[in-house]
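Colleague: fold the following and give me the result.
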Amino acid sequence: MMKKTLAIIISFIFCILFVPSISADPSIIIENYSLYPEIFMPGDSGILTITVKNAETTNTVQTTSTTGSTSTTKTDTVGAYIKKIWLVSATDGFYKIKTTKSYEYLGILAPLSSININFKIIAEENITEDLYFPSVHIDVDTYENVQFPIPVKVSNATVSLLLTDLPSRISKSGSTLVTLTAVNNRENAVDSVTIIPESNDGLKFTPNSVFVGTLQADASSEASFSIKPNDVGVFNISFNVQFKNGDNVHTEKISHSIQVVETLDVAPVLNSIPSKIEKGKSARVSLEVYNAKTEPITGVIVTPITYAIVTPSQYFIGSMDPDDVFSASFELNSGDLTYGNYTIGFKLSFKQDNEYYETPIIYSNFSVIPLKNIGSDGGLLVLFGSVIIIILVVLIFIFYIKKRRSTK
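Modeller: Numbers count the residues shown, from 1 in each chain. Modelled structure (predicted):
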C-alpha cells in the first residue's frame with residue numbers, strides 16, 4: 001500500500017514539473033501619446049496622456065498535456081498583467097521634467113485592448129530651454145518590461161506687446177486713442193490672451209481690458225485704448241499681456257513714458273472779427289474748427305459767449321474725422337449795446353468715448369462806436385453843392401419859360 005501511494009505522489013510531481021508553461025507572450029506597446037500643453041515653459045505643469053495597448057492578436061491559446069493514455073486540452077486567455085507604470089525624469093543637470101505619480105497593479109490587459117494613462121508632469125522653474133526625453137516604464141508580470149522615451153520641449157518664448165501707436169505727448173483735452181499689438185512668439189497656440197492697462201492716478205483708460213482670446217503660433221492681434229488725462233505732466237504707463245499656456249497663466253509687461261500738455265487738439269480758431277462796430281450795425285465773425293486727434297469726435301457744437309446779439313446762437317457741426325477742419329460764421333449785432341469795449345468768446349463742445357468735453361474759451365475784443373458824422377468841411381461842401389444844383393434847376397426852368405413865351 002505504501003509503495004502504491006508513493007508511486008502516485010511521484011507521478012503527480014512529475015506531471016507538475018514536466019508539463020509545459022501555458023502562457024502567451026503578449027506584446028505591450030505605447031500606441032499613442034499626447035502632451036498638454038504641446039510645448040512647456042519653465043515652471044509649467046501639464047498632462048501627459050499615453051495609450052498602452054496589448055498588440056497580441058490571439059485571444060486564446062490551447063495546450064495539450066498527456067498523462068498515461070489520457071490527453072487533456074486546456075484553453076488560456078492571452079492577457080498581460082501590468083504590475084506598474086511610472087515615468088523616469090529627465091534633467092538638465094539641475095532641474096527636471098518630472099511627475100509625482102505612478103500606477104501599480106493595473107490588472108490584465110486583454111489582446112487588442114488598450115488603456116489611457118495620465119501623468120501630471122512638471123517642468124521645474126528655471127529649467128534650461130531644451131528638448132527632454134523623460135521615459136515611460138511599464139512592468140509586465142512574467143514578460144519583458146517596456147521603456148518608451150517621450151520628447152518634451154521647453155521653450156522660453158513668450159507673448160510680447162508692441163507699442164503700435166502710442167505717442168510720447170498727448171493733449172489734456174478729451175481723450176487720445178492708443179494701439180498695442182500682442183504677438184505670440186511661441187511654436188504653439190496660447191489661450192485667454194488679455195491686454196490690461198495698469199491703473200494710473202493721472203490717467204483714465206477705456207476699456208479696462210481687451211480680451212484677444214486664442215493666438216496661434218506666430219500670430220498677432222491689435223488692441224486699442226483711449227487715454228483721458230486728468231492733469232498735465234509726465235506719466236509712466238504700463239500694459240500687461242496675460243495668457244495661458246495650457247492651464248498655466250503667464251504675464252508679460254511693457255512700460256512707456258507719456259507727457260500730457262495743455263495743447264488743444266480740438267479747438268476753434270478765429271479767422272476774422274471786427275475791432276469796431278458802429279452802433280446799431282452788424283458785422284460777420286468767421287472761425288475754423290479743427291480736429292487734430294487720431295480718432296473721430298461727434299456732437300461738435302460752437303457756442304458764442306457775449307452780451308451782443310449773435311446769430312446763430314450755436315453752430316452745430318456734428319461729426320469730425322481725424323484732421324478735419326470745418327468753417328463756421330456768426331452775425332454780431334451791436335443794436336442792444338451801448339458805446340464802449342466788449343469781448344466775445346467761443347467755446348467748443350464735443351463727444352468722445354461716450355463722454356462730453358468742452359474746450360477752454362477763446363476771446364476777442366471789439367468796440368461799439370457812434371455812427372460816423374459828416375465833418376464841418378464836408379457839410380459845407382455838401383450844402384454848397386446842393387445850392388448849386390437848386391440854382392441850376394431854377395435857371396433851366398426860367399430859361400424854358402422865357403423861350404416858350406417868345407415863340408407865341
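Colleague: so what's Q216 up against?
Modeller: Contacts for Q216 (C-beta atoms under 8 Å, 6 or more residues apart in numbering) come out as N184, A189. All C-beta spots, glycine's among them, are computed from the backbone N, C-alpha and C.
Colleague: and if you look at I138?
Modeller: By C-beta under 8 Å, 6+ apart, the neighbours of I138 are I28, I30, V52, I82, K84, I85, N145, V146, Q147, F148.
Colleague: quick one: the helices in this structure, in order.
Modeller: Applying DSSP state H to the chain gives helices spanning 2-18, 376-406.
Colleague: coming back round to it: filter the contacts of I138 to the buried ones?
Modeller: Those of the contacts of I138 that meet the buried threshold are I28, I30, V52, I82, I85, V146, by 16 or more other C-beta atoms under 10 Å.
Colleague: about what we covered before: mean pLDDT lowest for which of the helices of the chain?
Modeller: Sorting the helices of the chain by mean pLDDT places helix 2-18 lowest, at a mean of 38.
Colleague: so what pairs up with the residue positioned nearest the centre of the chain in the strands?
Modeller: Centroid-nearest residue in the chain, with C-alpha atoms, centre = their mean: A223, separated by 3.0 Å. Beta-bridge partners recorded for A223 (DSSP bridges): L180.
Colleague: go on, I344?
Modeller: S364.
Colleague: and S135, by the same measure?
Modeller: V88, P149.
Colleague: that one touches F148, doesn't it?
Modeller: Yes: using C-beta atoms under 8 Å, S135 is in contact with F148, at 6.6 Å.
Colleague: low-scoring stretches of the chain, by residue?
Modeller: 1-26, 59-78, 142-143, 373-385, 397, 399-400, 402-408 (pLDDT under 70).
Colleague: surely Y315 touches A328?
Modeller: Yes: here Y315 reaches A328: they are 4.4 Å apart, a contact under C-beta under 8 Å.
Colleague: mutual contacts of those two, please.
Modeller: V302.
Colleague: let me see the contact set for V302.
Modeller: P268, L287, V289, Q314, Y315, I317, A328, F346, K347, L348.
Colleague: which of the residues you listed are buried?
Modeller: P268, L287, V289, Y315, I317, A328, F346, K347, L348.
Colleague: of these, which belong to strands?
Modeller: P268, L287, V289, Y315, I317, A328, F346, K347, L348 (DSSP state E).
Colleague: could the residues you listed go into CSV alongside distance to S386?
Modeller: As requested, those are exported to CSV (distance: C-beta to C-beta, whole Å):
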residue, distance to S386
P268, 50
L287, 45
V289, 52
Y315, 47
I317, 53
A328, 46
F346, 47
K347, 52
L348, 54
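Colleague: S45: which of those is nearest?
Modeller: Within those, the smallest distance to S45 is 57.1 Å, found for L348 (C-beta to C-beta).
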